[in-house]
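K.L.:
Predicted model and sequence below, questions to follow.
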Amino acid sequence: MKKTHRGAGTRYLTRVRQREALRDTRRYRHRKRSGRGWRARPARRFTLRQPSLTKPVETIPAPENFDVVGNPEEFIATFDKLEAVMRNGSVPLLDFSERTQTVSSDAILAMVAIATRLARKYATVVRLRWPTDPVLAGAFASSGLKSYLEDTPPTDTDLGMIRRRHNKKVESKTARDLIAFSTRALFGERRREHASYATFIECMGNTFEHSDKHAEGQETWWASINCDPLARKAQCTFVDIGIGIFESVAFKGFVRRMTGAVRKLTSRPQVLRDLLQRKIGSRTGESYRNRGMPKIYADARAGLLQNLIIITDNVYADITRDEFKTMNRRFKGTFYHWEFTT
Amino acid sequence: MTTRDDDNRLWVFIARDFSETPGPRRQDEGDDSGEEFLERCLIPQFEAARAAGRSLWIDLDGTEGYATSFLEEAFGGLARKYGSAAVLAALQFKSDDQSYLPQEIRTYVQEAND
């Protein structure tokens, strides 16, 4: 029988219903354990709110240059606007048909990550209006976004692959699949990319350990790889929408240990630089830990990871050029982008 | 499983004997962790090599790559159990794919007990 309800909207509503059912089950167990007795649950009303049908839709034009690496502040500002619309009870429609001229693979991944998080937070959906320009539409189509949304394997025309965390763990097989996909697309054969593989694992490990204030393994990450066969390069992106590096326990402990004057003098870009250069110890106090970020930094400086960009909170770090700067906008989470061309 | 070569050296091939996709530090973080490699492969082979009075050769080639946390937990963890000097004396490394790895691992072993 033909499946007629398999779109992103239906999947979203199914997830809402599953979450409600799980919450009911937990409440029931809690009542039973606490000895308060239990009554049969009243018949659950699974009348799902369909936000896209009942809420007003507000259009937000996507930036002209939809790119996190090249245009971070406008990208963040767009999603700040989008969140404000959702907070007001409307459904945002991100419009790529009006003024958008360029779309980058890193922005597509960050968009997926942020939109998913916001949709969950505000129990609504983010709508997209696809670009009418065939070149831009092609960029979306080949980015792997369609395969990701439909949960299907990449097609022959895909130049990109998007993956999100499937369980609460570091997924080394996912990192391998991303690298394998890109090297096949670029070189026609599977090759190993040790530094990029290790960086994906380090990033997943950081998300697992540090991206939630209360417990490990709570945050979702997204990873993508996009190939440019003409330039013979692959672009890797990793995003989590957690608490970011500066809010992590490690940094809070570090900042607490600093005296007032030093704390005021130490800017966030400098703190990030210190972390990358291993001048800040591990939050556990075990001196042998805290090597992951410094290794990423060292690999970038050695040219094994090219054009590495790290964005967290209001800090933008171009590691390859050794430029650390403060932005006017805050990226809620951590963003890594790098390339390889071997 | 330890392999002996023609020169009667004892070998552990990580890609063959453990995994081609080494993962994170701890087992609860994900599959193919450094902790699992330490417990399942490295400690038994290290003890076998010590009992035989031989060096243990580690072949690092053939994997997708290594996160620092995997290597630190495996080899630093071995040093925390047996002491850095004993581990440095007993282990030898082969890494044609990433020639800098043996030196990195020796650093982890040296700093494991700091």
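P.N.:
Yes, it's here. Residues are numbered from 1 along each chain as shown, chains lettered A, B, ... in the order given.

K.L.:
since we're on B:Ser33, how many residues are nearby?
P.N.:
27 (other C-beta atoms under 10 Å in any protein chain shown). All C-beta atoms are positioned from the backbone trio N, CA, C, and that covers glycine.

K.L.:
I'd say it and B:Pro24 touch.
P.N.:
Yes - using C-beta atoms under 8 Å, B:Ser33 is in contact with B:Pro24, at 5.3 Å.

K.L.:
which residues do these two both contact?
P.N.:
Here B:Ser33 and B:Pro24 share the contacting residues B:Phe70, scored by C-beta atoms under 8 Å, 6 or more residues apart in numbering or on different chains.

K.L.:
mind checking the backbone torsions on A:Asp133?
P.N.:
phi -60, psi 120 (degrees, to the nearest 10).

K.L.:
What residues does chain A have near chain B?
P.N.:
A:169-173, A:175-176, A:179, A:192-198, A:201-202, A:204-205, A:208-209, A:216-217, A:287-289, A:291-292, A:295 (C-beta under 8 Å from any C-beta of the partner chain).

K.L.:
Buried only: go through those residues for me.
P.N.:
Among the residues of chain A next to chain B, those classed as buried by 16 or more other C-beta atoms under 10 Å in any protein chain shown are A:169-173, A:175-176, A:179, A:192-198, A:201-202, A:204-205, A:208-209, A:217, A:288-289, A:291-292, A:295.

K.L.:
Filter the residues you listed down to just the ones in helices.
P.N.:
In this view, those that belong to helices under DSSP state H are A:172-173, A:175-176, A:179, A:194-198, A:201-202, A:204-205, A:208-209, A:292, A:295.

K.L.:
Centre-most residue in chain B?
P.N.:
In chain B, the centroid-proximal residue (C-alpha atoms, centre = their mean) is B:Phe75; its distance is 5.3 Å.

K.L.:
and that residue, that's in a strand?
P.N.:
No - counting by DSSP: H, G, I helix; E, B strand; the rest coil, B:Phe75 is not found in a strand; it is helix.

K.L.:
From chain A, how far out is it?
P.N.:
Per C-beta to the nearest C-beta, to the nearest Å, B:Phe75 is found 11 Å from chain A.

K.L.:
In chain B, what helix or strand scores lowest on average pLDDT?
P.N.:
strand B:3-4 (a mean of 69; mean pLDDT, DSSP states H and E).

K.L.:
For A:Ile179, see how far away A:Gly303 is.
P.N.:
18 Å (C-beta to C-beta, to the nearest Å).

K.L.:
got it, and B:Tyr66?
P.N.:
In this view, B:Tyr66 and A:Ile179 are 14 Å apart by C-beta to C-beta.

K.L.:
Equivalent analysis for B:Ala74, please.
P.N.:
Counting by C-beta to C-beta, the gap from B:Ala74 to A:Ile179 is 22 Å.

K.L.:
can you map out the helices along the chain?
P.N.:
By default, I'm working from chain A. A:8-33, A:51-54, A:72-87, A:105-121, A:134-142, A:145-150, A:172-187, A:194-210, A:244-247, A:249-257, A:260-265, A:268-276, A:292-301.

K.L.:
um, chain B though
P.N.:
Taking DSSP H as the criterion, chain B contains helices spanning B:14-17, B:34-37, B:43-52, B:68-71, B:77-82, B:84-90, B:101-110.

K.L.:
what's the closest of the ones you listed to B:Gly62?
P.N.:
Shortest distance between B:Gly62 and those, using C-beta to C-beta, is found for helix B:14-17: 3.2 Å.

K.L.:
most tightly surrounded among the helices of chain A?
P.N.:
Burial among the helices of chain A, expressed as mean neighbours by mean count of other C-beta atoms under 10 Å in any protein chain shown, is greatest for helix A:194-210, which shows a mean of 25.

K.L.:
Is it possible to get CSV of the helices of chain B that adds mean pLDDT, distance to chain A and mean neighbour count?
P.N.:
Below are these laid out as CSV (pLDDT from 0 to 100; distance: least, C-beta to the nearest C-beta, whole Å; neighbours: other C-beta atoms under 10 Å in any protein chain shown):
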stretch, mean pLDDT, distance to chain A, mean neighbour count
helix B:14-17, 95, 11, 17
helix B:34-37, 96, 11, 23
helix B:43-52, 92, 18, 15
helix B:68-71, 95, 4, 28
helix B:77-82, 95, 8, 19
helix B:84-90, 94, 11, 16
helix B:101-110, 95, 7, 18
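
K.L.:
Ok, which of those helices comes nearest A:Leu275?
P.N.:
Checking the helices of chain B against A:Leu275 by C-beta to C-beta gives helix B:68-71 as the closest, at 14.1 Å.

K.L.:
Let me see the residues that make contact with that closest one.
P.N.:
A:198, A:201-202, A:205, A:289, A:291-292, A:295, B:22-25, B:33-34, B:37, B:101, B:104-105, B:108.

K.L.:
Dump that helix to CSV, keeping only the CA atoms.
P.N.:
This file holds the C-alpha atoms of helix B:68-71, laid out as CSV (Å, rounded to 0.1, in the frame of the first residue of the first chain):
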residue,chain,number,x,y,z
THR,B,68,43.5,11.7,21.3
SER,B,69,41.1,10.5,24.0
PHE,B,70,41.3,6.9,22.6
LEU,B,71,45.1,6.8,22.6
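
K.L.:
Centre of the chain to that helix, how far?
P.N.:
10 Å (C-alpha atoms, centre = their mean, to the nearest Å).

K.L.:
same question, stretch B:43-59
P.N.:
Put simply, stretch B:43-59 sits 10 Å off its chain's centre (C-alpha atoms, centre = their mean).

K.L.:
What is the end-to-end distance of that stretch?
P.N.:
Stretch B:43-59 has its terminal residues 15 Å apart, counting by C-alpha to C-alpha, to the nearest Å.

K.L.:
Give me the contacts around it.
P.N.:
B:2, B:8-15, B:78, B:81-82, B:86-87, B:90-95.

K.L.:
Same check on stretch B:20-27?
P.N.:
Counting by C-beta under 8 Å, 6+ apart, A:169-170, A:172-173, A:175-176, A:201, A:204-205, A:208, B:14, B:29-37, B:62-67, B:69-70, B:72-73 sit against stretch B:20-27.

K.L.:
Endpoint to endpoint, that stretch covers what distance?
P.N.:
Length of stretch B:20-27, first residue to last, C-alpha to C-alpha: 16 Å.

K.L.:
Report the mean per-residue pLDDT for that stretch.
P.N.:
The pLDDT scores in stretch B:20-27 average 94.

K.L.:
Please spell out which residues along it are buried.
P.N.:
For stretch B:20-27, burial by neighbour count (16+ other C-beta under 10 Å) applies to B:Glu20, B:Thr21, B:Pro22, B:Gly23, B:Pro24, B:Arg25, B:Arg26, B:Gln27.

K.L.:
Turn these into TSV, including distance to B:Phe46.
P.N.:
Output for the buried residues of stretch B:20-27, formatted as TSV (distance: C-beta to C-beta, whole Å):
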residue	distance to B:Phe46
B:Glu20	22
B:Thr21	23
B:Pro22	18
B:Gly23	21
B:Pro24	22
B:Arg25	19
B:Arg26	20
B:Gln27	19
